[in-house]
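J.: Pasting the sequence and the predicted coordinates here, then a few questions.
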Amino acid sequence: MTTSLFQPIQLGNLCLNNRIVMPPMTRSRASQPGDIANDMMATYYAQRATAGLIVTEGTQISSMAKGYAWTPGIYTPEQIAGWKNVTDAVHAKGGAIFAQLWHVGRVTHSDNIGGQLPISSSAIQAENVKVFIDNGTNEPGFVDAALPRAMTKEDIAQVIEQYRQAALNAVEAGFDGIELHAANGYLINQFIDSEANNRTDEYGGCLENRLRFLDEVVAAMVEAIGAERVGVRLAPLTTLNGTVDANPIETYIAAAALLNTHHIVYLHIAEVDWDDAPDTPISFKRSLREAYQGVLIYAGRYNAEKAEQAIDAGLADMIGFGRPFVANPDLPNRIQHGFPLAEHVAETLFGGNEQGLTDYPVYQLED
């Protein structure tokens with residue numbers, strides 16, 4: 001029986017029932033054409049509405065922001081309407097749900113973005129990074145990410161506006177708030193991390209300049225929908241999708257301090273989550289806690305015991321459980337009562353239909 005995870009917590013104007021987060025996980029099942037959230041997705045999220053907070057899969061803010069086939073968008077009226085069905089379904093079950101807003105930058109292929117060249121902080125290709133494209137079958141076709149072009153000042157202004165509009169669209173779609181995806185090697189990360197950014201203008205070079213794009217995007221979204229509805233996800237120590245920073249501790253403590261000035265409602269830290277990955281240093285977690293005073297969420301390789309310890313130690317306020325939520329729609333109940341967890345089927349994570357999405361059962365006590 002765990003206790004800390006099941007204490008209520010205030011998140012902006014929301015009072016959440018527990019401290020368990022369903023973090024963003026790409027599932028690649030949006031309806032085609034149009035990348036529209038559908039009834040199958042509404043069922044999937046509603047099944048998991050007992051989470052204190054759900055954060056959706058990454059949702060592209062424009063047609064240029066799309067990295068992979070069959071991921072949903074939030075920039076057309078049809079996409080907004082599709083997401084409204086999802087938020088209605090989650091709210092009907094008493095849940096809270098934020099939309100993760102996503103621009104992949106260079107982590108894409110021209111086939112996913114209407115034949116255009118990807119955009120990034122700099123014209124640097126993501127090395128050893130593959131994305132998948134719709135090759136006309138139900139199987140995703142993996143290809144190398146394309147060489148991007150460096151964004152102009154006009155591009156930067158346009159993308160900031162797309163983020164602002166996407167935040168407004170999310171509110172229109174009924175979301176309780178948004179999470180800015182600034183992690184895992186995608187566009188904002190491509191500005192932050194030193195080895196992915198070789199710009200010589202005010203968006204590159206020194207740390208303050210590399211954080212400028214993040215700063216301006218967050219400012220635009222806070223102005224549009226209010227700081228109490230804006231969260232941000234960072235991945236300080238991962239090198240996913242090819243972004244590397246020379247001094248990640250310094251960089252991400254500075255990023256946390258910057259986000260604190262915007263009074264965003266939460267900071268979501270994605271920890272390295274492969275099996276033999278090193279743990280995030282406790283000293284770094286303490287420094288993050290000092291730099292950022294809002295709700296702090298961690299995700300990556302947590303079980304109930306480890307989650308309790310992080311909350312009890314004051315290092316985290318909420319904990320994300322990713323893959324366990326795939327196969328356990330009733331995950332909070334299973335954690336609370338010590339019921340065993342089901343294992344997900346890896347082959348059905350991306351693409352396809354209800355199989356591996358909505359057909360996992362809740363736990364049943366045997367008579």
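T.: Sure, I can see it.
J.: and Thr239, what pLDDT?
T.: At Thr239, the model reports a pLDDT of 81.
J.: What are the neighbouring residues in contact with it?
T.: By C-beta atoms under 8 Å, 6 or more residues apart in numbering, the residues touching Thr239 are Gly185. Every C-beta, even on glycine, is put in place using the N, C-alpha and C of the backbone.
J.: Once you drop chain neighbours, what's closest to Lys130?
T.: Phe142 (4.6 Å; C-beta to C-beta, 6 or more residues apart in numbering).
J.: ok, now Gly94?
T.: Gly94's closest residue in space is Ala49 (C-beta to C-beta, 6+ apart), at 6.2 Å.
J.: could you measure the one you found against Ser62, distance?
T.: 29 Å (C-beta to C-beta, to the nearest Å).
J.: Also Val232?
T.: Applying C-beta to C-beta to Val232 and Ser62 gives a distance of 19 Å.
J.: So for those two, which residue has more residues nearby?
T.: Each of Val232 and Ser62 has its neighbours counted (other C-beta atoms under 10 Å); Val232 has more, 28 against 19.
J.: which ones are touching the nearest residue to the more buried one once chain neighbours are set aside?
T.: Spatial nearest neighbour of Val232, chain neighbours left out: Leu180 (4.6 Å); criterion: C-beta to C-beta, 6+ apart. Contacts for Leu180 were tallied using C-beta under 8 Å, 6+ apart; they are Gln100, Leu101, Tyr163, Ile188, Val217, Val218, Met221, Val230, Gly231, Val232, Arg233.
J.: Quick one: find the helix or strand in the protein with the lowest mean pLDDT.
T.: strand 140-144 (a mean of 82; mean pLDDT, DSSP states H and E).
J.: tell me what whichever helix or strand comes after it is packed against?
T.: Using DSSP states H and E, the helix or strand that follows strand 140-144 towards the C-terminus is strand 149-150. Counting contacts by 3 or more C-beta pairs under 8 Å, 6 or more residues apart in numbering; DSSP states H and E, strand 149-150 packs against strand 119-120.
J.: tilt between the helix or strand that the strand it packs on is followed by and strand 140-144?
T.: Where DSSP H and E defines the elements, the next helix or strand beyond strand 119-120 is strand 130-134. Between strand 130-134 and strand 140-144, the angle comes out at 140 degrees (axes from the mean of the first three to the mean of the last three C-alpha atoms, to 10 degrees).
J.: so where is the stretch 101-250 of the chain shaky, pLDDT-wise?
T.: 135, 137-140 (pLDDT under 70).
J.: which residues of it fall in helices?
T.: Applying DSSP state H, counting those that start in this stretch to the stretch 101-250 of the chain gives helices spanning 153-172, 187-192, 207-210, 212-225, 248-261.
J.: With the stretch 251-367 of the chain instead?
T.: Going by DSSP H, counting those that start in this stretch, the stretch 251-367 of the chain shows helices at 282-291, 304-312, 323-327, 331-337.
J.: Out of those helices, flag the one nearest Gln355.
T.: For the helices of the stretch 251-367 of the chain, the distance to Gln355 is smallest for helix 323-327, at 12.2 Å, taking C-beta to C-beta.
J.: which parts of the closest one are buried?
T.: Judged by neighbour count (16 or more other C-beta atoms under 10 Å), helix 323-327 contains these buried residues: Arg323, Pro324, Phe325, Val326, Ala327.
J.: still on that earlier bit, give me the beta-bridge partners of the residue nearest to Lys130?
T.: Following DSSP bridges, Phe142 is listed with bridge partners Phe132.
J.: if we can go back for a sec, tell me which of the helices of the stretch 101-250 of the chain sits most buried.
T.: helix 187-192 (a mean of 28; mean count of other C-beta atoms under 10 Å).
J.: What is it packed up against?
T.: Using 3+ C-beta pairs under 8 Å, 6+ apart as the contact test, the elements touching helix 187-192 are strand 119-120, helix 212-225.
J.: Please repeat the previous calculation with a cut-off of 7 Å.
T.: When contacts are defined as 3 or more C-beta pairs under 7 Å, 6 or more residues apart in numbering; DSSP states H and E, helix 187-192 packs onto helix 212-225.
J.: quick check, distance from the helix it packs on to the centre of its chain.
T.: Averaging C-alpha positions (C-alpha atoms, centre = their mean, to the nearest Å) puts helix 212-225 17 Å from its chain's average.
J.: Could I get the CA-only coordinates of it as PDB?
T.: Presented in PDB, the C-alpha positions along helix 212-225 are these (Å, rounded to 0.1, in the frame of the first residue of the first chain):
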ATOM      1  CA  ARG A 212      16.200  32.300 -26.200                       C
ATOM      2  CA  PHE A 213      13.900  30.200 -28.400                       C
ATOM      3  CA  LEU A 214      12.600  28.300 -25.500                       C
ATOM      4  CA  ASP A 215      12.100  31.600 -23.600                       C
ATOM      5  CA  GLU A 216      10.100  33.200 -26.400                       C
ATOM      6  CA  VAL A 217       8.000  30.100 -27.100                       C
ATOM      7  CA  VAL A 218       7.000  29.800 -23.500                       C
ATOM      8  CA  ALA A 219       6.300  33.500 -23.200                       C
ATOM      9  CA  ALA A 220       4.000  33.400 -26.200                       C
ATOM     10  CA  MET A 221       2.000  30.400 -24.800                       C
ATOM     11  CA  VAL A 222       1.800  31.900 -21.300                       C
ATOM     12  CA  GLU A 223       0.500  35.100 -22.700                       C
ATOM     13  CA  ALA A 224      -2.100  33.200 -24.800                       C
ATOM     14  CA  ILE A 225      -3.600  30.800 -22.200                       C
END
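J.: Alright, I will stop here.
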